[in-house]
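Trainee: Just the structure for this:
(chains A, B and C)
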Amino acid sequence: MPKVEFDEDRCKGCELCVAVCPVKIIHITERINRQGYRPVDVTDQEKCTACTLCARVCPDTVIEVYK
Amino acid sequence: MKKIFARPRSLKDTLMHYCPGCTHGIAHRLIAEVMDELDIRERTVGVAPVGCSVFAYNYFDCDFQQAAHGRAPAVATGIKRVQPDCIVFAYQGDGDLASIGTAEIIHAAARRENITVIFINNAIYGMTGGQMAPTTLPGQATTTSPGGRDVENKGYPIRVSELMATLEGAAYVARVSLHNPAGIARARRAVLQAFRYQLEGKGFSLVEMVSTCPTNWGLSPLAALKWLEEHMLPAYPLGVFKDIQGGGQG
Amino acid sequence: MSEPILMKGNEAIAEAAIRAGCRFFAGYPITPQNELPEYMSRRMPEVGGVFLQAESEVAAINMLYGASGAGARCLTSSSSPGISLKQEGISYMCGAELPAVIINIVRGGPGLGNIQPAQSDYFQATRGGGHGDYRTVVYGPASLQEMVELVMEAFDVADRYRNPVMVLGDGILGQMMEPVVFADDQVREPQPKPWATTGARGRERRVLSSIYLEPEDLDHHNWKLEAKYEQMRQKEARYELVQMEDAELCLVAYGTTARICRTALEKARSAGLKVGMIRPITLWPFPVKAFGEAGANLRAYLVVEMSTGQMVEDVRLAVNGARPVAFYGKTGGAVMLPQQVVDALQDLAAREGVGR
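Mentor: Okay, here's the model as predicted:
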């Protein structure tokens, strides 16, 4: 099943991926990561289609995509 | 299952110092992807500017020189002439390239230097805290045009790609945008073409990347992408302005 | 077998650089050194090197930064206003520890001045000129033969210390013609440079930069550079002493002015005045040692420069109050005559009670 992995401590909470995900499964969390940002996370991994749009708009190479 | 997207080999895993949502990170990754695809990492020498991306050398796993403000095309010229088998690229912002460095960028292209320049145009000076750039739009507020750029007093923005396309030594001049996945995909193709032309010795190549500066525009990263689309794209039309072989953008 | 060749100064410098293994030249036209880039434009292609007429002196020094960083022996030349333009680049090269040789054929200033010879860039050359705590070895040759030898030496010194080296000529040295001999064994092979950005094939990548954001890092870097400059002070200072053993008055001059003073010295001696000369050959490091070797009869110094007085300050520092230091200078390219120097010596002698 396709999935995405987020390296949470790299994330700066910019939300570019949130806006671009076609199945809207990426959300900003309330957590604070090691850099002091609120990272994003994925709910509903089963809905991921491995379109890689999130990974491609991410400026910080937070995301790896598997298919 | 296999990994279908990951950090390119040519990009180090060092955490980037850029602001959240800054498109420098995307631009860096695209260059690194192209370096991987063309298998040129070990032959590449990059030139970092002065500006937010002064530390670009921290993020690419290849030889790098950090250049004085505006002088990256001259530094790149020196490297390429001495090491013609190296692939040499300069990475510059709008102050570096279009303000203090206007002579160097024009003459590197005029001399047909076989180098590639990536030009990050975000219409403002980032590192120094948001001053007006040569590419700042009329009416755009910056710390040195606090009431908005008044053209009577402060003139008009410079369209670098159109200018550079008039130079015969330029093999490839393209303007792309990083504001959405389609734009990013086209940007990647332009970078690939630019580096290909350098590999083929075709002359000077420039890829201007319309980019955001959320912090100094005073907008969230997502709002900044919108502002780019609504305000910058009309002022800086996307396209290939020079292609020595025709139809190179793809 | 090396035969003497009659050459113009600017061209002799270029040829010397080629023979020292220089394979990259970038420069911009400015009088009175234009023959140097012109000669390079013909000669560099012959040895498979790179000649670039840059868009400005600023661009030229930055091309040198790139070329030097990529491992080449490189040269740029200019004259006074153009050397002013290069100052940021020189500072950057010192900060990034990049070797290069920079030729200044000094002309009248300040500003546009004129195209006549001068020595008014001494401060610019020895006091940085650019920003930051850095030094460059500065040579002040007095003949074309010496110029040729020092230019070749300069490439070795630059590589040895990973630092720019400056050679000061002036409009006379650049334009005059004298016989020069290039010794056969002087053709040099460049040294390997394990720090150069040549493409990271099979090795860790290299970065050349002068930025150290953390205070402790920049402090450490500056003291590391200072240690290099101290080595230069210990090892690279050069000078010539002329008839100093019994001298009562000592001329201090470099370059073209030293030649004039050599004639003035002989004239003065014929007139009964015991005059000697200290001729600095390096202006930085300044040959302080030469001033400690004064004979017992020495009463005063006369510093002669084609300026309103720049090296005289280093002489005063070196003499350290032991004896009076007087100055005679002419500027604007109105080169002094030996008799004028003799007159100045006689005035000094009268003031200091130095007599027959």
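Trainee: for the residue nearest to residue C:34 when sequence neighbours are not counted, what are its contacts?
Mentor: Nearest non-adjacent residue to residue C:34, counting by C-beta to C-beta, 6 or more residues apart in numbering or on different chains: residue C:10, 7.4 Å away. (C-beta placed from N, C-alpha, C; glycine too.) Shown in contact with residue C:10 (C-beta atoms under 8 Å, 6 or more residues apart in numbering or on different chains): C:32-36, C:39, C:77, C:105, C:174-175.
Trainee: what about residue C:10, which helix or strand?
Mentor: According to DSSP states H and E, residue C:10 maps onto helix C:9-19.
Trainee: Distance from that helix to the middle of the chain?
Mentor: Centroid separation for helix C:9-19 versus its chain: 15 Å, with C-alpha atoms, centre = their mean, to the nearest Å.
Trainee: Then stretch C:158-175?
Mentor: 5 Å.
Trainee: ok and the residue in the stretch 251-356 of chain C nearest chain A?
Mentor: residue C:284 (47.2 Å; C-beta to the nearest C-beta).
Trainee: What would the helix holding residue C:10 look like as PDB? C-alpha coordinates only.
Mentor: Output of helix C:9-19 as PDB, limited to C-alpha atoms (Å, rounded to 0.1, in the frame of the first residue of the first chain):
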ATOM      1  CA  GLY C   9      58.500  46.600 -18.500                       C
ATOM      2  CA  ASN C  10      54.900  45.700 -18.800                       C
ATOM      3  CA  GLU C  11      55.700  42.900 -21.300                       C
ATOM      4  CA  ALA C  12      58.600  41.600 -19.200                       C
ATOM      5  CA  ILE C  13      56.200  41.200 -16.300                       C
ATOM      6  CA  ALA C  14      53.800  39.200 -18.400                       C
ATOM      7  CA  GLU C  15      56.600  37.000 -19.800                       C
ATOM      8  CA  ALA C  16      57.900  36.400 -16.300                       C
ATOM      9  CA  ALA C  17      54.500  35.300 -15.100                       C
ATOM     10  CA  ILE C  18      54.200  32.800 -18.000                       C
ATOM     11  CA  ARG C  19      57.600  31.400 -17.200                       C
END
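Trainee: Mind checking what helix or strand follows that helix in sequence?
Mentor: Following helix C:9-19 in sequence, per DSSP H and E, is strand C:24-27.
Trainee: ok, residues contacting that following strand?
Mentor: By C-beta under 8 Å, 6+ apart, the surrounding residues in contact with strand C:24-27 are B:78, B:81-82, C:14, C:17, C:36-37, C:40, C:44, C:49-54, C:57, C:59-61, C:63-64, C:67-68, C:72-78.
Trainee: so residue A:5 makes contact with residue B:1?
Mentor: No. Between residue A:5 and residue B:1 there is no contact under C-beta atoms under 8 Å: 11.0 Å.
Trainee: and whichever residue of the stretch 1-150 of chain C sits closest to chain B, what does it touch?
Mentor: Relative to chain B, the nearest point of the stretch 1-150 of chain C is residue C:66 (2.6 Å; C-beta to the nearest C-beta). Shown in contact with residue C:66 (C-beta under 8 Å, 6+ apart): B:47, B:65, B:67, B:74-80, B:82.
Trainee: Quick check: next helix or strand after the host helix or strand of it?
Mentor: Counting by DSSP H and E, the element that carries residue C:66 is helix C:57-69. Next along the chain after helix C:57-69, taking DSSP H and E as the criterion, comes strand C:74-78.
Trainee: Could you list every helix and strand in contact with the next helix or strand after that following strand?
Mentor: Going down the chain from strand C:74-78, the next helix or strand is helix C:80-85, by DSSP H and E. Applying 3 or more C-beta pairs under 8 Å, 6 or more residues apart in numbering or on different chains; DSSP states H and E, we find helix C:80-85 packed against helix C:57-69, strand C:100-106, helix C:122-126.
Trainee: ok, the second one: who's next to it in the sheet?
Mentor: Just to be clear, that refers to strand C:100-106. strand C:74-78 (parallel), strand C:164-170 (parallel) (DSSP bridges).
Trainee: okay, the following helix or strand past the longest one in PDB with CA atoms only?
Mentor: If you walk from strand C:164-170 toward the C-terminus, the next helix or strand you reach (DSSP H and E) is helix C:171-175. Coordinates of the C-alpha atoms in helix C:171-175 are reproduced here as PDB (Å, rounded to 0.1, in the frame of the first residue of the first chain):
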ATOM      1  CA  GLY C 171      54.600  54.300 -14.900                       C
ATOM      2  CA  ILE C 172      58.300  54.400 -15.600                       C
ATOM      3  CA  LEU C 173      59.000  50.800 -14.800                       C
ATOM      4  CA  GLY C 174      56.000  49.700 -16.900                       C
ATOM      5  CA  GLN C 175      57.000  51.700 -19.900                       C
END
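Trainee: mean confidence score for helix C:171-175?
Mentor: In this model, helix C:171-175 has a mean pLDDT of 96.
Trainee: Not counting it itself, show me its contacts.
Mentor: Counting by C-beta under 8 Å, 6+ apart, C:8-10, C:13, C:32-33, C:35-36, C:79, C:105-107, C:115-118, C:141, C:144, C:147, C:255-256, C:333, C:335 sit against helix C:171-175.
Trainee: 6 Å instead, please
Mentor: C:9-10, C:32-33, C:105, C:107, C:116-117, C:256 (C-beta atoms under 6 Å, 6 or more residues apart in numbering or on different chains).
Trainee: Which of the residues you listed has the largest number of neighbours?
Mentor: Using other C-beta atoms under 10 Å in any protein chain shown as the neighbour criterion, residue C:105 leads these with 33 neighbours.
Trainee: Would you mind confirming that residue C:233 is in contact with residue C:284?
Mentor: No. Using C-beta atoms under 6 Å, residue C:233 and residue C:284 do not qualify as a contacting pair, with a distance of 8.8 Å.
Trainee: between the two, which one's more packed in?
Mentor: Counted by other C-beta under 10 Å, residue C:233 and residue C:284 do not tie: residue C:284 has more neighbours, with 25 against 16.
Trainee: From what I see, the more buried one and residue C:126 are in contact.
Mentor: Yes. Using C-beta under 6 Å, residue C:284 makes contact with residue C:126 at a distance of 4.2 Å.
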